[in-house]
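Colleague: Need coordinates for the below:
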Amino acid sequence: MSIRSKCCAAIIALVLPCSAIADGLKTEFGLRANVLLGSGKPANDILGAGLVGRRYRDGGWFFGGSIDTYIYDFERPASYVGLTQDPNVDTIDADGTSTVIAGFLGREYDVADSGFRWFWTAGLGVGFADVDDASGPTDTGGSFDLTFKVDTEIHVMAALGTTYDFSPKWSATFAARLEHHFMGIEITDQVTGNTASIDSQTVMGAYLSLNYRF
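Modeller: Just a heads-up that it's a prediction; the model follows:
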């Protein structure tokens, strides 16, 4: 079984058993905006948007899933293969995109009469990323031409946040996020033959969502 298949199976195994024991649950869907920040190896700011859904059961427990798309800059990729970009031109980054499908479990805690519901989640995601080729001049008068081979990513996720209920059906959620991404990115310079790889990154950030419950 491929890594992608194993990850998808793990997400299904995380979420579906809960549905088998769920009675009278409420369902909530939300549209969300995401901001994630990293060290710059390979990305320092990752922006995205997506859809998140939750199913609630008694005792404050819930389970759910999400699908998000992201855009980011792969920062200064020439430096990974031992090359220095010509300082007289603007910094050359590579454009990256990613789609992440995730499942999670969590628990919420009502604050009586305040309208706020505090919660935590823990989950697992699969990322399908792509990085565009990048080329430009080096500081020695030569050039670089970089290509990227990107494997399926595994994301370990946690979040802590609060939901405010505007009405019995409408709410807004704000949550802080911490994630570790297991990656497999191979970088090759077609001019020199130099290669490099990146195997992981840790990011943190937040999301804001508008939700409808039924």
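
Colleague: Can you name the next helix or strand after the helix or strand bottoming out on mean pLDDT in the chain?
Modeller: When each helix and strand of the chain is scored by mean pLDDT, DSSP states H and E, helix 3-20 comes last, with a mean of 47. Once helix 3-20 ends, the next helix or strand along the chain (criterion: DSSP states H and E) is strand 26-37.

Colleague: Give the other helices and strands that that following strand contacts.
Modeller: Using 3 or more Cβ pairs under 8 Å, 6 or more residues apart in numbering; DSSP states H and E, the elements in contact with strand 26-37 are strand 45-56, strand 61-74, strand 170-189, strand 195-213. Where you see a C-beta, it was placed from the backbone N, CA and C, and this is true even at glycine.

Colleague: Same list, those strands, but as JSON lines with mean neighbour count and mean pLDDT please.
Modeller: Below are those laid out as JSON lines (neighbours: other Cβ atoms under 10 Å; pLDDT from 0 to 100):
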{"stretch": "strand 45-56", "mean neighbour count": "18", "mean pLDDT": "96"}
{"stretch": "strand 61-74", "mean neighbour count": "19", "mean pLDDT": "96"}
{"stretch": "strand 170-189", "mean neighbour count": "18", "mean pLDDT": "96"}
{"stretch": "strand 195-213", "mean neighbour count": "16", "mean pLDDT": "96"}
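
Colleague: any idea which element the spatially most central residue of the chain lies in?
Modeller: For the chain, Val100 is the residue whose C-alpha lies nearest the centre (Cα atoms, centre = their mean; 5.8 Å). Element membership for Val100 (DSSP H and E) is strand 94-110.

Colleague: tell me the angle of that strand relative to strand 170-189?
Modeller: Strand 94-110 and strand 170-189 are oriented at 150 degrees to each other (axes from the mean of the first three to the mean of the last three Cα atoms, to 10 degrees).

Colleague: Could I get the average pLDDT for strand 94-110?
Modeller: Taken as a whole, strand 94-110 has a mean pLDDT of 95.

Colleague: what lines up beside that strand in the sheet?
Modeller: Applying DSSP bridges, strand 94-110 is found paired with strand 61-74 (antiparallel), strand 116-131 (antiparallel).

Colleague: Let's have the ones you listed in CSV, adding distance to Ala33.
Modeller: Listed next are the strands paired with strand 94-110 as CSV, based on distance: least, Cβ to Cβ, whole Å:
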stretch, distance to Ala33
strand 61-74, 10
strand 116-131, 17
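
Colleague: Out of the helices and strands packed on strand 26-37, which gets nearest to Glu153?
Modeller: Minimum separation from Glu153 across the helices and strands packed on strand 26-37 (Cβ to Cβ) falls at strand 170-189, 5.1 Å.
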